[in-house]
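> Structure for this input, please:
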Amino acid sequence: MQALVVVAQRELSDLLVKALQRIDFEALQVGEASAAANAYKSQLPALVITSWGLGDLDGLAFCRELRQLNPRHNPLVLIVSDRTSPADLQAILEAGADDYLLYPMESDRFRIRLQIAAKRARNRAAAAAVECRLRESIERFELAVRGADEGLWDAEPAGRPWHEPDAEVWYSPRFKQLLGYTDAEFPNVLKTWNSRLHPDDRDRVFLALTNHIEQKQPYDIEYRLQIKSGEYRWFSARGQGIWDEQGRLMRMSGSLRDITQSKEDKTMLEQSEAKWRSLVENAPDIIILTDTEGVIKFINRNTEGAEIAKGRTVYHYVPEPFWEQIKQAYAALRETGQAQHFELRAQKEGGGTGWYATRLGPIYHEGKLDAVVLIATDITDRKSAEQQQQESEAKWRSLVENAPNIILLADLDGTIRFINRKTPIAVQSIGRTTYDYIDEQYRQTMRDAFQSLSATGEPQRYEVHGQTETGVGRLWYDNRMAPIWRDGRIESVVLIGTDITDRKIAEEQLERERQLLRRLTDLQERERQIVAYEIHDGLVQYLTGGLMHLEASMASDRTRKEKEQADHERGMSLLRDALAEARRLISGLRPPILDEQGVAVALEYLINESRPEIPHIQFINHSYFGRLVVPLEVAIFRITQEGLSNIRKHSHSRRARIELFQHGQWVRLIIRDWGCGFDTTKVYEERFGLQGIRQRARLLGTIATIESAPGQGTVIVVDFPLIHQDPQLNGAALAKS
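Numbering: from 1, shown residues only. So this is what the prediction gives:
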């Protein structure tokens, strides 16, 4: 047992050391407070003696300091002092000292007081050691509880029935955590656990507990508990009771472990094994388990022949020419441990022989080759298909080489790898690019097609002008490109070129004829316009002048006879009718408003003229273009004129809608009525109105769509390319030019 003596007076310090040695204390003698603190921290003595008021050492300050140095160490501290007042003694105790010694004191009395202090120090040290061991034991237990994956529980019935709902049961934090609860949410009573038992498990669990408590049978059971989320999970529970001499339960403790995952894993394993067995037994392939020499141990067939096969070797079912192949495969597998693949002929289950793709795979046990699995896949049909494919390929090659089209196989950069021609120029093209054989202005078109096919995988089609297969002359080709895929990527391109030179010549001739027809139509429209202007500027002017003279004559001569006045009025009426007819002819030939204010205003004029016979006409104009070229304005006007005429003559609808709106570089005209309609598949050729609408659209390079059905009305839709008129010219100027 150690003691620390911190006294500045040498005589007193020596006296204390000798006295301590006589009572079996190892005394450490220090005269300064700073050194004493270091000695205290390193030795942790059971007894500390220091002085106060006997020299310059402040024993009270040192006492307070050492109490702070290690709060868990609690030595017995004595203060040696010559002060005896109650206030001084109180100060000693408040500084943290346990007792004091007055000095000087009678030697026997001093020795006895020191022995008493030593005994108290020994008892305190012993109690501290027990407390330390107990604290360490508790800390280890708490650490084990916190670190354990299992939840712990402990119950002491204390003379009460163990199964009472309010019986106290201690549940560890891990126990509560397994169920998703905090300590405060899970009271330490039996019903907290009991209420969460799955209804189907409760009787079984309580029977196991009863058998353990009353008959001392092992308590090791699996059951389900409802966790905080409402989900039921599987747990494994174990417990052990302690009984007194009369066999009464004194205490029972146990553990709880979440086994949901292991239960699920076990279920999955059982299901997997069942699936594997079902897969093997119902597999279309023949699966055989053999030893390392080929002796059959298992075969996935439930036939009598399969039972007979067990114990035989695989050679029994294979023609002799293939025995060496099997022997080498088994030898290679034993030597390398790697699977072997080969094809052979063997007996079929239903009789006869067939081709099988065979795989030998190793099965190891404890690191050694234990068995061999043989999987044989019937490839008789595939072998037959391969033979047919070879024959088909020969036919395909003959077909390709004799096809009238030029067929090329090329890389994605256009390099030619195959061509179905045997001419010198065709043979020399292998290794060159497709661009070398077309005119320069079409090479970019071909490059774009290659890039688009490479990016999208979609077939491409385009037309080019290029060299003939003999190298003499130039031809037009309609090229079609399609990808050839391999392993999920485009490996090459097949290009089929069809000679369309004759078709292109016919198209060019047709285009020339179309342009001629368009010019003739424009000329006809211009002639109509000129006639309209001549009627307007000639005949109409003369009739208007004559009418004005007659009106003036009648106004100035009031004395004429009634008969002469009637003749004048009759003549004036005829002149008015002639003038109205002339204006109608002008409007029919070409309304001046079309040239003067454009097609939108002209359509409004045309619609207003039609209102007496079609009272409910709606005109929707969403266009924002200016003046258009004359043929386009005339086409829009004439198609609308013809559409309204058809409504009056055939549809008999009293409701119609005309829509004109612009979208991008196109202008759309829609004419709709709600009349009787007609069957578009039974339109007679003499229906010139509809033919005229289609022909006018065709002359402008577009198509008129006409949709109708009996009783459903009619819709005419035409999309015209938007072509603006030169702002320096107007319709009237163009017509008169």
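> what sits up against stretch 661-676?
The list of residues contacting stretch 661-676 from outside it, by CB atoms under 8 Å, 6 or more residues apart in numbering, reads 620-625, 628, 636, 639-640, 643-644, 647, 650-653, 655-660, 710-711, 713-722. Where C-beta positions appear, they are placed from N, C-alpha and C, glycine not excepted.
> let's see it at 6 Å
622-625, 636, 643, 647, 651-653, 655-660, 713-720, 722 (CB atoms under 6 Å, 6 or more residues apart in numbering).
> So among these, which ones count as buried?
Buried subset of the contacts of stretch 661-676 (neighbour count, 16 or more other CB atoms under 10 Å): 623, 625, 636, 643, 647, 651, 653, 655-656, 658-660, 713-714, 716-720, 722.
> Among these, name the ones in strands.
Under the assignment DSSP state E, the buried ones among the contacts of stretch 661-676 contribute 655-656, 658-660, 714, 716-720 to strands.
> can you put those in CSV and add distance to Lys216 and pLDDT?
Below are these laid out as CSV (distance: CB to CB, whole Å; pLDDT from 0 to 100):
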residue, distance to Lys216, pLDDT
Arg655, 101, 95
Ala656, 103, 96
Ile658, 104, 95
Glu659, 98, 95
Leu660, 102, 93
Thr714, 100, 95
Ile716, 101, 95
Val717, 97, 95
Val718, 102, 94
Asp719, 98, 93
Phe720, 103, 91
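> Put together CSV for these, with distance to Gln347 on each row.
Shown next, in CSV, are these (distance: CB to CB, whole Å):
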residue, distance to Gln347
Arg655, 85
Ala656, 84
Ile658, 84
Glu659, 80
Leu660, 83
Thr714, 76
Ile716, 76
Val717, 73
Val718, 76
Asp719, 73
Phe720, 78
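> Using the record's domain definitions, break this structure down for me.
2-142, 148-265, 283-383, 403-499, 505-582, 595-736 (automatic domain parsing).
> what sits opposite Phe418 in the beta ladder?
Per DSSP bridges, the residues bridged to Phe418 are Leu409.
> Can you read off the pLDDT for it?
At Phe418, the pLDDT value in this model is 90.
> My guess is it contacts Ile407. True?
No - Phe418 is beyond contact range of Ile407, at 8.0 Å (criterion: CB atoms under 6 Å).
> Which one of these two is surrounded by more residues?
Ranked by neighbour count (other CB atoms under 10 Å), Phe418 and Ile407 place Ile407 first, with 16 against 13.
> Now the helix or strand hosting that one - C-alpha only, CSV.
Taking DSSP states H and E as the definition, Ile407 sits inside strand 406-410. Only the C-alpha atoms of strand 406-410 are listed here, as CSV (Å, rounded to 0.1, in the frame of the first residue of the first chain):
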residue,chain,number,x,y,z
ILE,A,406,-26.3,-3.6,-109.6
ILE,A,407,-25.8,-5.0,-106.1
LEU,A,408,-22.9,-3.8,-104.0
LEU,A,409,-21.7,-4.7,-100.5
ALA,A,410,-19.7,-1.8,-99.0
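> what's next to that strand, contact-wise?
400, 416-420, 434, 492-497.
> try stretch 300-310
Against stretch 300-310 from outside (CB under 6 Å, 6+ apart): 280-281, 287, 296, 299.
> from those residues, which single one is nearest Val7?
Val280 (92.3 Å; CB to CB).
> give the contact list for the closest one.
287, 300.
> all helices for the stretch 251-400 of the chain, in order.
Per DSSP state H, counting those that start in this stretch, the stretch 251-400 of the chain has helices spanning 260-282, 304-309, 323-336, 380-401. These are given in chain order.
> got TSV for those, with mean pLDDT and distance to Gln691 too?
What follows is the helices of the stretch 251-400 of the chain, written out as TSV (pLDDT from 0 to 100; distance: least, CB to CB, whole Å):
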stretch	mean pLDDT	distance to Gln691
helix 260-282	83	70
helix 304-309	81	80
helix 323-336	94	79
helix 380-401	82	45
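> Perfect, I'm done here.
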